[in-house]
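Novice: Prediction below, plus the sequence it came from.
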Amino acid sequence: MRKPVRFRFFWPLLAAFLVLSGCYHARIITGQPESDVVYRKRWVSGFVNGLVIPDSIDVSSVYPHGVARVETRLSFMNQLVTILTWGIYSPMEVRVVCAAPTGQAQVLQRHDGARLVEQAVQQAAETGAPVYIQQLP
């Protein structure tokens, strides 16, 4: 007995879908240097296949120097839960990498030495960042 045509391609298509689907991954890079401090939350709740986005994650108290990178991804378990709930509940994983503290580098032209030192001290006081003075040959 022959299988109906509509089911002949079901299993190969299902296998191809599972193998080729992968895990969704998005990355936002701010360009700031990264530190070793990482905030990770494996289960952030979203709804209606991501149309209702998860609540904001406030990391400003943990990361005083800002954020270097934010990554979101859907793991296998996240996708499985989304499928089992018909897309009503759609969790995701979030990973935030803290920015490393940086100093400002500024090359000043050679002029009066006392004036350059005064400018460097003023700049350090205004920005709160270290200022280096180097004598160029």
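Specialist: Yep, that arrived.
Novice: Okay, now the unreliable bits of this structure?
Specialist: Residue ranges of the chain with pLDDT under 70: 1-7, 18-23, 102-114, 116, 131-137.
Novice: how does it divide into domains?
Specialist: As recorded under automatic domain parsing, the domains making up the chain are 33-102, 103-137.
Novice: Show me how far the first one is from its chain's centre.
Specialist: For domain 33-102, the distance between its averaged C-alpha position and the chain's averaged C-alpha position is 8 Å (Cα atoms, centre = their mean, to the nearest Å).
Novice: And the residue nearest the centre of the protein?
Specialist: Centroid-nearest residue in the chain, with Cα atoms, centre = their mean: residue 70, separated by 0.9 Å.
Novice: Do I have it right that that residue meets residue 92?
Specialist: No. If you go by Cβ atoms under 8 Å, residue 70 and residue 92 don't touch, sitting 11.9 Å apart. For the C-beta atoms, the positions are set from N, CA and C on the backbone; glycine is no exception.
Novice: before we move on, back to that, and the residue nearest to the centre of the chain, what element?
Specialist: Assigned by DSSP states H and E, residue 70 belongs to strand 67-73.
Novice: Using PDB, list the CA coordinates for that strand.
Specialist: Output of strand 67-73 as PDB, limited to C-alpha atoms (Å, rounded to 0.1, in the frame of the first residue of the first chain):
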ATOM      1  CA  VAL A  67      28.100  48.100  28.800                       C
ATOM      2  CA  ALA A  68      30.500  46.700  26.100                       C
ATOM      3  CA  ARG A  69      28.300  44.000  24.700                       C
ATOM      4  CA  VAL A  70      24.700  42.600  24.900                       C
ATOM      5  CA  GLU A  71      23.800  39.200  23.600                       C
ATOM      6  CA  THR A  72      20.400  37.600  23.400                       C
ATOM      7  CA  ARG A  73      19.800  34.100  22.200                       C
END
